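Peer 1: Sequence and computational prediction follow.
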Amino acid sequence: MNTKNEKQQLESVKVNPNNNNPEPISEPEEIEAISPWKDAFRQFRKSRLAIVGIIMISFFVVLAIVAPWLSPYGFDEQNLADRLAPPSSDYWLGADHLGRDILTRIAYGARISLMVGLVAVSGALFFGTILGVVSGYFGRWVDMLISRIFDILLAFPSILLAIAIVAILGPSLTNALIAIAIINIPIFGRLVRSKVISLREEEYIMAAKAQGMKNGRILIHHILPNSLAPIIVQATLGFGTAILEAAALGFLGLGAQPPTPEWGKMLSDSRDFIQLAPWTLIFPGVSIMLVVLGFNLIGDGLRDALDPKMKN
Amino acid sequence: MLAYTIRRLLIIVPVLLGMTLIVFSIVHLIPGNPAQVILGETATEQQIAALEESMGINDPFFVQYGLYLADLAQGDLGTSLRTNSNISSEIVPRIAATFELTVFAMIFAIFVGVNAGIISAWKQNSWFDFLAMVFALVGVSMPVFWLALMEQWIFAQELGWLPSSGRQPSTDTIEPITHLFVLDSILHMDFERTFTILKHLVLPSIALGTIPMAIIARMTRSSMLEVMKSDYIRTIRAKGSGQFLVIYKHALRNATIPVLTVIGLQTGVLLGGAILTETIFSWPGIGRYVYEGINYRDYPVIQSGILVIAFIFVMINLIVDLLYAFIDPRIKY
């Protein structure tokens, strides 16, 4: 492992175009031996945008946790006298058409969106990984069958497939979650499959096989750990897409039902009041954007850190 | 090339069959009694029985699926439960409306995205590069329906520069020929109307095209940066070619393949995004058709709408795959 790592570092010195004064390649013993994961972590810390992403997500996580203590209002508490009240010291981000505090609803909405991201991505990751590993490792007709199913699922624009699934199951937040998890399964599945196929032919896997190691052990101890990097990146980016998809379903009336303060639903409820009270639309939209942006920034940072080819 | 084309065409067959099976199953997987769910709680038993009869729901699953495929093969998409009219004839003008919108959105996305990506790569680490990439990141992270609402509010309702909804003024409608209104107005030699129709297209196409634009810009930038480092570009530069020529003639050609892939994939995003954009801008396209179908629990409409959109998506990806082999003869399968 160490020699491989040294080689990588030497290469990065050689080809780095920003380094105007490339140091002559020094003796290998001067290079500190670090594990690839540690190296990735160092790279990641250097990425300023990724740090911004982490700060953004942390902000919403805190917002979601403190939601009940954030304001004196409940998320479905209506004060009809204050309908469409503009932002003020009473309502920091204004009130909606039923006089509900928008800040409170956004904070509770953060709980929903983060939960949607977590559950949908974990579900897709779990089933996608199993299917991808099985398909890639065993090949033949198993691979044919699973790959064709992936092809078919990916042949639908993703939001359409989600709509179809919710049309079957009936509109609700849980069903929207299931739909989003399902449409993301082939994305993870394909990724894992391609990684497994490329690893399957590696010498150390052959060696493990020759030693008589069982398939299950090889999969869990060798193949999965070595496929982790792209999966982590995709999962991070997947958080963002899942949140966007949930908001879209909510907006179409296929996701969370009233009075749940889901961000997409908040936008569709306030549509008619945009000229009278633009804050009812601006803030939920900005919240969606910031959370998704946060996950995208982290995902980009992780990709740069974990993929040695992208280092420059 | 021919062998590749044929193989690529053959791969589509199981995909299309699988798609029809999924779409067909939508109605049959509804928990409980589908006819009851479709008609709602107030339906009488006769109504339910009549609908079950017309849907053929009492036949075995694969018999029904076979009949469904036979109908599809004849271009029959079934009957809308709400309007009682033939979906195939209802859907044609809507496909045209969506087609017109997606084409304009794609033109916007490719033109702005590719050029922004090229300039960003050309002037790497400049303020333009930085701004363009921040903008692209924000663009990817924005919900398309929110962007649409904001555009509608600012440019249509507050500033009044552009119409806020529809394909044309409702008081003065065009006599359709192809149902592509821009083309129709040109065929009618009514250029004033062309201008009005183009004005209706601006906001929805920008809303729909923003995400693909952002992704295309990022892809073009990274693809160009890689190509610009290659030896042959250095040689061309050494020969004294101008920067513009180097970039647009030599580098862009080799940077096209990954960009093309992204463009193919993004049409899926466009077609999916069309449901949201069309709903907001009251655009009478296929996305809005599906949305109305959802609201009225008009399952045949939902099924057909989804099937048609997915079919278009598969065809576009086929064309993109064939284009690869055409653009880059090194690609062999």
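Peer 2: Cool, the structure landed.
Peer 1: and the lengthiest helix in chain B, what's its mean pLDDT?
Peer 2: Determined from DSSP state H, the single longest helix within chain B is helix B:191-228. Throughout helix B:191-228, pLDDT has a mean value of 87.
Peer 1: And that helix, what does it pack against?
Peer 2: Judged by 3 or more C-beta pairs under 8 Å, 6 or more residues apart in numbering or on different chains; DSSP states H and E, the packing partners of helix B:191-228 are helix B:87-122, helix B:127-141, helix B:144-151, helix B:181-187, helix B:252-280. Using the backbone N, CA and C atoms, a C-beta is placed for each residue, glycine as well.
Peer 1: mind checking how far whatever residue of the stretch 201-333 of chain B ends up closest to chain A is from A:A162?
Peer 2: Going by C-beta to the nearest C-beta, chain A is nearest to B:G272 of the stretch 201-333 of chain B, at 3.4 Å. Distance of B:G272 to A:A162, given as C-beta to C-beta, to the nearest Å: 9 Å.
Peer 1: Pretty sure A:I57 is one of the things A:I51 touches, is it not?
Peer 2: No. Look at A:I51 against A:I57 with C-beta atoms under 8 Å: they stay out of range, at 10.9 Å.
Peer 1: So for these two, which residue has more residues nearby?
Peer 2: Neighbour totals were compared for A:I51 and A:I57, and A:I57 leads with 21 against 15 (other C-beta atoms under 10 Å in any protein chain shown).
Peer 1: Who are the contact partners of the more buried one?
Peer 2: A:V291, A:G294, A:F295, A:I298 (C-beta atoms under 8 Å, 6 or more residues apart in numbering or on different chains).
Peer 1: what's the third one sitting at in phi/psi?
Peer 2: So the one you mean is A:F295. Dihedral pair for A:F295: phi -70, psi -40, per degrees, to the nearest 10.
Peer 1: can you map out the helices along the stretch 1-150 of chain A?
Peer 2: Taking DSSP state H, counting those that start in this stretch as the criterion, the stretch 1-150 of chain A carries its helices at A:2-15, A:36-46, A:48-70, A:102-138, A:140-154.
Peer 1: So B:S223 is in contact with B:V262, correct?
Peer 2: No. Assessed by C-beta under 8 Å, B:S223 is found out of contact with B:V262, at 9.0 Å.
Peer 1: quick one: which of these two has more around it?
Peer 2: B:S223 (24 against 21).
Peer 1: buried stuff in stretch B:105-117?
Peer 2: B:A105, B:M106, B:F108, B:A109, B:I110, B:V112, B:G113, B:V114, B:A116, B:G117 (16 or more other C-beta atoms under 10 Å in any protein chain shown).
Peer 1: what's the spacing between the first one and chain A?
Peer 2: Distance, B:A105 to chain A, by C-beta to the nearest C-beta, to the nearest Å: 14 Å.
Peer 1: next one: the last one
Peer 2: B:G117 sits 16 Å away from chain A when distances are taken as C-beta to the nearest C-beta.
Peer 1: do the fifth one as well
Peer 2: To chain A, B:I110 is 18 Å away according to C-beta to the nearest C-beta.
Peer 1: which ones are touching that residue?
Peer 2: Contacts of B:I110 (C-beta under 8 Å, 6+ apart): B:M213, B:I216, B:I263.
Peer 1: Now the buried members of those.
Peer 2: B:M213, B:I216, B:I263.
Peer 1: Any regions of the chain where pLDDT drops low?
Peer 2: You didn't say which chain, so I picked chain A. The model of chain A has pLDDT under 70 over residues A:1-34, A:308-312.
Peer 1: could you do chain B instead?
Peer 2: By pLDDT under 70, the weakly predicted segments of chain B are B:32, B:328-333.
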